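# Task: produce atomic coordinates for the following.
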Amino acid sequence: MFPRAVRRAVSVGVFAAPALVAFFDCGTMASEKSPLLVNQVVTCDNEEKSSVAVLLSPKLNHITLKCPDNSTAVPAALGYPTNRTVCPAESGGQTCTGKEIPLESLLPGANDSWWSGVDIKTGVKLTIPEASFPTTSKSFDVGCVSTHASKSRMVTVTVPPRASSLVNGVAMCSYGANETLGPITLSEGGSSTMTLVCGTDGKPVPPDPKQVCSGTTVKDCKAKPFTDVFPKFSADWWQGKPDTKDGAKLTIKKGGFPPKEEKFTLGCKSVSSPEVYCTVQAEAKSASAGIKSSAENVGCVSLFAVTIELVGSIAAGVA
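Down below sits the predicted model:
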């Protein structure tokens, strides 16, 4: 039989909202004065050593910490107006002194504008822009420590990875789950570029930029030469590196499209969890399709010009 406190927690729905709270662990769970999370605000007491875990999401992207009187922030810089720091996840200490880290080390782009409030008693708030959610899950600790009893109340904040995305030929991979993007269509008469962004948490598949994967997924990728898709392929078609925040851009040079339509696959996989991957599918239209498209556009323009000229002649005759 579960302890009465656990049964009570389940009955009031503590575990029914995973988007808000992953778990509560309040000392021995014997205290009735546990940390509370209401509307993304964590309010702690001075009674027991305790902890709370908060899982953010793109829609619930903020957390506020309030501490009681006779308490100081953990880390102390949490209440500073600038250069705030956090504790490593599961730091275990009451102050994490000497272990503080800048939030930017976990979430690139983090800055002072993400924070508001300097009085820990009225609340210090952190808001993470949706576009700044990471490509892999990141966690850190913040909290309070009693000045007279050395009792700590710690909050573990977890920021899950954003979803992978494909916008205007730019494939940005994340590693919360296996995902497939595309297909990206490349053609001589349309877009001839695509960008692959694995980020610093990922690495490209296949690792050789002169290769692509056969099949429709990068899982168990069977690499083949890029020249199987683009006979005139050259390594300088790639600019940049996939495992950076800006990624690598592929530009099909003029005259480089294949004689017939070709499909190819590439992507990324997580550095920390190689079984998690992101597949990017692409298709290259044939060179003749690009020429046909251009010819059709020219034909439309010519027909439009003839129509305008004919209308002008009729109008002149009527006048």
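
# In the stretch 201-319 of the chain, where is pLDDT below threshold?
The model of the stretch 201-319 of the chain has pLDDT under 70 over residues 289-319.

# Let's see that with 90 instead.
286-319 (pLDDT under 90).

# Show me the strands in the stretch 201-319 of the chain, by range?
202-205, 211-214, 222-225, 238-240, 248-251, 262-270, 277-284 (DSSP state E, counting those that start in this stretch).

# Same list (these) but as a markdown table, adding mean neighbour count and distance to Glu104.
To be clear about C-beta, it is placed using only N, CA and C from the backbone, and glycine gets the same treatment. Output for those, formatted as a markdown table (neighbours: other C-beta atoms under 10 Å; distance: least, C-beta to C-beta, whole Å):
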| stretch | mean neighbour count | distance to Glu104 |
| --- | --- | --- |
| strand 202-205 | 23 | 19 |
| strand 211-214 | 20 | 34 |
| strand 222-225 | 14 | 36 |
| strand 238-240 | 15 | 22 |
| strand 248-251 | 18 | 24 |
| strand 262-270 | 23 | 21 |
| strand 277-284 | 24 | 24 |
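
# Just put those strands in a markdown table and tack on distance to Leu107.
Below are those laid out as a markdown table (distance: least, C-beta to C-beta, whole Å):
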| stretch | distance to Leu107 |
| --- | --- |
| strand 202-205 | 16 |
| strand 211-214 | 31 |
| strand 222-225 | 33 |
| strand 238-240 | 22 |
| strand 248-251 | 23 |
| strand 262-270 | 17 |
| strand 277-284 | 20 |
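
# Name the stretch from those that approaches Thr43 most closely.
strand 262-270 (35.9 Å; C-beta to C-beta).

# re the thing from before, quick one: which of the strands of the stretch 201-319 of the chain is nearest Asn178?
Of all the strands of the stretch 201-319 of the chain, strand 277-284 comes closest under C-beta to C-beta, at 5.6 Å.

# what's stretch 236-249 in contact with?
108, 170, 172, 193-200, 202-204, 209, 230, 250-253, 256, 268 (C-beta atoms under 8 Å, 6 or more residues apart in numbering).

# Mind checking which of the residues you listed are buried?
Buried members of the contacts of stretch 236-249, scored by 16 or more other C-beta atoms under 10 Å, are 170, 172, 194-199, 202, 204, 209, 230, 250, 252, 256, 268.

# and of those, the nearest to Thr135?
Nearest to Thr135 among the buried ones among the contacts of stretch 236-249, with distances taken as C-beta to C-beta, is Gly199, at 4.6 Å.

# distance of the closest one from Ser191?
23 Å (C-beta to C-beta, to the nearest Å).

# Over to Leu106?
35 Å.

# which one of these two has more residues nearby?
Leu106 (17 against 13; other C-beta atoms under 10 Å).

# Spit out the contact partners of the more buried one.
By C-beta under 8 Å, 6+ apart, Leu106 lies in contact with 86, 134, 138, 140, 159.

# low pLDDT regions in the stretch 1-150 of the chain?
Applying pLDDT under 90 to the stretch 1-150 of the chain flags residues 1-53, 67-72, 79, 90-98, 144-150.

# how about a cut-off of 80?
1-39, 44-51, 90-95, 147-150 (pLDDT under 80).

# what about the strands in it?
Ranges of strands within the stretch 1-150 of the chain are 21-25, 36-38, 41-43, 50-55, 62-66, 71-74, 85-88, 101-102, 115-116, 124-127, 138-146, based on DSSP E, counting those that start in this stretch.

# Just the CA trace of the fourth one, in PDB.
Output for strand 50-55, consisting of C-alpha atoms alone and laid out as PDB, is shown next (Å, rounded to 0.1, in the frame of the first residue of the first chain):
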ATOM      1  CA  SER A  50      12.200  20.200   0.200                       C
ATOM      2  CA  SER A  51      12.300  20.200  -3.600                       C
ATOM      3  CA  VAL A  52      10.100  20.700  -6.600                       C
ATOM      4  CA  ALA A  53      10.500  19.900 -10.300                       C
ATOM      5  CA  VAL A  54       9.000  22.000 -13.000                       C
ATOM      6  CA  LEU A  55       8.800  21.100 -16.700                       C
END
